[in-house]
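>>> coords please:
(one chain, ligands or ions: 3)
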Amino acid sequence: MLFPPRTKLKIKDTPLDSARLPVHVAIIMDGNGRWANAKGLSRLHGHDQGYRTLKDTVYAADDLGLKFLTVYGFSSENWRRSQEEVGGLMDLMLRAMKAEIEELIYNEIKVRVIGRMHELPDALREEYESAMRRTEHFTGLTFTLAINYGGRAETVDAIRAIADKIKRGELDPSQIDEATVSQHLYAPDIPDPDLLIRTAGELRLSNFLLWETAYSEIYVTPAPWPAFDQSEFIASLMDYAKRIRKFGAVIELNPET
Ligand code: IPE
Ligand code: IPE
Ligand code: MG
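Ligands and ions are numbered 1, 2, ... in the order given. Alright, predicted model coming up:
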């Protein structure tokens with residue numbers, strides 16, 4: 001065995017119903033700093049622990065049969081933090097992908113990265129490009145990392161791409177509709193998130209997937225990301241299973257159900 005054996009999470013050992021699972025779960029992994037602070041540890045220690053939680057979450061999502069997991073790892077505004085923290089995060093992201101890629105491939109997980117990758121350190125960008133190339137043929141869970149990602153930056157990039165097509169005479173402005181916009185976002189082949197989880201209690205989007213979350217169900221837990229364990233994940237999926245999604249329509253509720 002190449003990797004330490006993992007105890008697989010089986011849906012039948014959980015209260016979950018596979019018919020009521022979301023297809024795409026997106027997570028704002030927040031609270032690493034507060035978790036570390038409460039323990040008298042450095043913020044970077046908190047991010048390190050967050051990496052462990054992320055690994056567990058990716059494999060839990062895979063075990064449960066989710067098709068898409070997208071996580072917010074570094075926002076386009078996170079450059080505003082201290083040089084020490086930003087540098088530490090860049091190092092961690094590189095170290096983590098180098099350490100995990102073979103196991104991700106072994107488990108046939110498709111890795112994607114969204115965000116302005118050209119602004120990342122060369123070594124990190126190259127590691128991400130290689131991970132995407134090496135996993136692009138897998139058909140199970142797609143694990144997307146949003147790194148140097150901002151919803152507004154994504155919108156700007158889409159507008160630029162659309163404007164370029166108009167300039168080249170390939171598109172007429174009157175043809176632009178919602179599908180045109182979706183097709184010019186970073187991951188046009190990935191469906192919108194069904195469930196958006198935010199850890200650490202904050203009730204905001206912080207510039208994450210602004211277009212894509214138009215009709216996502218939102219679940220906020222007070223647990224900081226390093227404390228988001230399997231039971232927290234299952235609780236969020238149980239909560240999602242109870243939601244009634246209406247997409248603007250009127251749904252008749254049967255009082256007996
Ligand atoms: C989330 O945790 C990780 C990143 C934003 C990179 P934070 O670092 O934002 O932790 P808090 O919000 O300060 O507790
Ligand atoms: C959002 O968390 C970004 C990530 C989780 C990567 P932040 O901690 O940056 O968000 P704010 O600043 O509290 O809104
Ligand atoms: Mg935060």
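>>> Tell me the secondary structure of residue 143, please.
Put simply, residue 143 is strand when judged by DSSP: H, G, I helix; E, B strand; the rest coil.
>>> hmm, I was thinking of residue 72
Under three-state DSSP, residue 72 falls in the strand class.
>>> now do residue 146
strand.
>>> Distance of it relative to ligand 2?
As for residue 146, its distance to ligand 2 is 7 Å (criterion: CB to the nearest ligand atom, to the nearest Å). C-beta here means a position set from N, CA and C on the backbone, and glycine is covered the same way.
>>> Can you report how many residues lie near that residue?
Residues lying near residue 146 (other CB atoms under 10 Å) number 28.
>>> isn't it right next to residue 72, touching?
Yes - assessed by CB atoms under 8 Å, residue 146 is found in contact with residue 72 at 4.9 Å.
>>> Can you check which residues contact both of these two?
residue 208 (CB atoms under 8 Å, 6 or more residues apart in numbering).
>>> Could you list which residues are in contact with whatever residue of the stretch 101-250 of the chain ends up closest to ligand 2?
Residue nearest to ligand 2 within the stretch 101-250 of the chain: residue 206 (3.6 Å; CB to the nearest ligand atom). Residue 206 makes contact with 28, 30, 72, 75, 77 under the criterion CB under 8 Å, 6+ apart.
>>> let's see it at 6 Å
Not one residue lies near residue 206 by CB atoms under 6 Å, 6 or more residues apart in numbering.
>>> Then the one 10 residues further on?
The neighbourhood of residue 216, defined by CB under 6 Å, 6+ apart, consists of 193, 196.
>>> let's see it at 8 Å
Contacts for residue 216 (CB under 8 Å, 6+ apart) come out as 26, 192-196, 209.
>>> swap in residue 141?
Residue 141 neighbours (CB under 8 Å, 6+ apart): 58, 61-62, 66-69, 109-110.
>>> try 6 Å this time
Residue 141 touches 61-62, 109, counting by CB under 6 Å, 6+ apart.
>>> Most neighbours of all these, which one?
Greatest neighbour count in the contacts of residue 141, by other CB under 10 Å, goes to residue 61: 24 neighbours.
>>> Perfect, I'm done here.
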